[in-house]
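Peer 1: Using only what follows, build the 3D model:
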Amino acid sequence: MSFEAKVKELGYDIQVVDLNMGRIMGAVRTGNLVYTSGQVSRFGDRQIIGKLGRDLTVEEGYEAAKLAGLSCLQAVKSAVGSLDNVVRVVKVLGMVNVGPDFNNTPAVIHGASDLFLAVFGEAGRHARSAVGMQIPSDFAVEVEVIFEVK
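Peer 2: Down below sits the predicted model:
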């Protein structure tokens, strides 16, 4: 099954969007790599805002990371025309908006990692970092990804 078909089977509609965001690009291709800009926990008409451990549970953070991951898929599709042009997910940096004493950032970023595994199978296995910090506009999560492409 193609990656495009798999993402549709999972119930998601990944559109091509304009990557020009003024000062920055939503994704940049160099050779066979696509680097996404940090994508926050917003996709379609859904967004998740707040600090993990204060406003949000780990489960809500997991869902926030999935939304950010979907936005990364949208960025890579926009850069290369189709998710079927993805060879593999190389590296994920997951940033979690943490409240005091919250230290379970890996469980939150599993939301993005599990999405990539569901869409790409073995090609979705990746290196990853999951760190806690303050995220702009109080979004729960921000994710950036490096994809290898055809």
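Peer 1: State the next helix or strand along the chain beyond the longest strand along the chain.
Peer 2: Secondary structure of the chain per DSSP state E: the longest strand is strand 86-97. Going down the chain from strand 86-97, the next helix or strand is helix 105-120, by DSSP states H and E.
Peer 1: what helices or strands is that next one leaning on?
Peer 2: helix 3-9, helix 58-80, strand 86-97, strand 127-133, strand 141-149 (3 or more C-beta pairs under 8 Å, 6 or more residues apart in numbering; DSSP states H and E). Just so you know, the C-beta spots here come from the backbone N, C-alpha and C atoms, and that holds for glycine as well.
Peer 1: Give me the angle between the longest one and strand 127-133.
Peer 2: Compare the direction of helix 58-80 with that of strand 127-133 by axes from the mean of the first three to the mean of the last three C-alpha atoms, to 10 degrees and you get 120 degrees.
Peer 1: Check which residues of helix 58-80 are buried.
Peer 2: Within helix 58-80, the residues scored as buried using 16 or more other C-beta atoms under 10 Å are 58, 60-80.
Peer 1: now do the first one
Peer 2: Under the neighbour-count criterion of 16+ other C-beta under 10 Å, helix 3-9 has 3-4, 6-7 buried.
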